[in-house]
Structure formats: structure tokens, C-alpha cells
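# sequence below, structure please.
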Amino acid sequence: MKRHIFRIILAVLLVFLPATAAFADFHVILDDEPVQIAMEVRDGRTLVPVRAFVEGVLGGEVSWDGYARRVDITHAHNSLVLHIDSDIALINDNEVTLDVPAMIIDGATLVPLRFVTEALGMDVAFADGTISITSGHIQIINFPYTVQRGIDATLEILGRPLTYYHLGVEFMAGPSTAAGLGYALSDEYGNVYWIWRIGSTTTPGSWPVTIVGGGEILTLYFQVME
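Numbers count the residues shown, from 1 in each chain. The predicted structure is shown next:
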């Protein structure tokens, strides 16, 4: 009911967004349920109005600091900080680099959909003109969004109790064979974690981390630094 009310409010707000913002409509599905949201494509990246998307669709919270031109986003255990026109963001206090920064167009604050959604621990898939967002039961408690080569990385999630989850990491050379990856059994509360070593010769860049278990698949990206 709350989500339905949000969507009604969102639809009304979008009617009054400035026409010069050049928003485009896409098909969006959240957990198999259609969502109405306006978007804009810039430099190959899909941008969305931050408050309407995070609060009205994902159910998170947004705060705005006009003096610092800063957006703070929270959802479950995750936090995200974006600065307007800056390609540097903070995910759970870890610094990462954006392909396209948050920006203001005709008074509307826009943020990259995929980056924000994945930073908040959800999965995004683009196929046949449809954007599918899956919130699922996997919650990210601790994730190494930025790591240095030659050190240990730790990933902790909250999933279904007493369920096997598999963690896989893909690098340029192929799937990682580091000890500590693979299957792990969650405890009676659903907590499960992995610790593995980032090789000293790992190629720097952004690499996918995929969690599979409990009938769900969640892919995130972390950045390996020299």
C-alpha cells in the first residue's frame, strides 16, 4: 500500500518536471512489479530523479545539502554519498569512481540508476527495452567496493538462514581461484561471510562479484587499485 501511494505521488510529480529536462520513459520492473519512473540517458548511462527513485521506488531515504551540493542516500544497511558533478562517490564510506556523476538539470537532481541501485545492494538487468531491479533477500552488510592488490577482502551478507551461498569473482584472466571463495553456509540468522586474498598481480579495474544462493543471484562490482 505504501509503495502504491509513493507511485501515485511520483506520477503526479513527473507531470510537473520541466519539459526541457528531456526525460525519456523506459519499462522498469521492481521485483516483478511494473514501476512508473522517468529517466534520461547521458553518455550511455541511465539517470533518474534521485528522490523520486530512491524514496518512491526503492523505499530508501534521501537528504540534500545544498551548500555542499551533496546527496546522502540510505537503504537498509547501505549508505551512499554523491556530490553534484563529481565522479567520486562514497559507498559505505569507501571511495569509488563514477562513469557519470550526479547532476542537476532544470532543478532536478539526477543520479545513475545502475550505480545507485547496485550500491544499495540490489541487482539490475537490462534486456529487451526493460530494466529489471531485484531487491531480494540478500542484504549487503560489508562489501569491499575498493581494495588494494595483495591484501585480504571481506564480503558479508544477510540472507536466508541455514542456506548455502556461493561467491565468485571474475577478473580479466578469468574466475578467481583464491582460497576463501566458493560456498559458505549462513548461520541461523542468515549471516554469512567470505575472506579472500586479492593477488599482488591482479589487473586494476572494476570487476564483478556474484553471489548465488536461496534462489537468487546478485552481482556487484568492486574496484581493484594498484
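
# so where do the helices sit in this protein?
Secondary structure of the chain (DSSP state H): helices at 2-15, 50-53, 113-119.

# how about the contacts made by Leu181?
Leu167, Gly168, Val169, Trp194, Trp196 (CB atoms under 8 Å, 6 or more residues apart in numbering). For the C-beta atoms, the positions are set from N, CA and C on the backbone; glycine is no exception.

# so who does the fourth one touch?
Residues touching Trp194, when contacts are defined by CB under 8 Å, 6+ apart, comprise Thr154, Leu155, Glu156, Leu167, Gly180, Leu181, Ala184.

# try Asp187
Pro161, Leu162.

# per-residue confidence at it?
At Asp187, the pLDDT value in this model is 90.

# measure the spatially most central residue of the chain to Ser86 for me?
Nearest to the mean C-alpha position of the chain, by CA atoms, centre = their mean, lies Glu118 at 1.4 Å. As judged by CB to CB, to the nearest Å, Glu118 and Ser86 stand 19 Å apart.

# ok, Trp194 next?
Trp194 is 31 Å from Ser86, by CB to CB.

# one more: Tyr221?
Here the distance between Tyr221 and Ser86 works out to 19 Å (CB to CB).

# over to Arg51?
According to CB to CB, Arg51 stands 19 Å off from Ser86.

# same question, Thr146
Thr146 sits at a distance of 16 Å from Ser86 (criterion: CB to CB).

# now do Asn191
34 Å.

# same deal with Phe53?
Between Phe53 and Ser86 the distance is 19 Å, computed by CB to CB.

# now Ala153. Nearest residue, chain neighbours left out?
Nearest non-adjacent residue to Ala153, counting by CB to CB, 6 or more residues apart in numbering: Pro144, 4.1 Å away.

# wait, isn't that neighbour in contact with Phe222?
Yes. Between Pro144 and Phe222 there is a contact under CB atoms under 8 Å: 5.3 Å.

# common neighbours of these two, please.
By CB under 8 Å, 6+ apart, Pro144 and Phe222 have these common neighbours: Ala153.

# report the beta-bridge partners for the closest residue to Asn142 other than its chain neighbours.
Once flanking residues are discounted, Asn142 sits nearest to Glu156: 4.1 Å by CB to CB, 6+ apart. For Glu156, the beta-bridge partners are Asn142, Tyr193 (DSSP bridges).

# list the contacts of Glu156.
Glu156 makes contact with Ile140, Ile141, Asn142, Phe143, Asn191, Val192, Tyr193, Trp194, according to CB under 8 Å, 6+ apart.

# likewise Asn92?
Each residue near Asn92 by CB under 8 Å, 6+ apart is listed here: Asn78, Ser79, Leu80, Asn142, Phe143, Tyr145.
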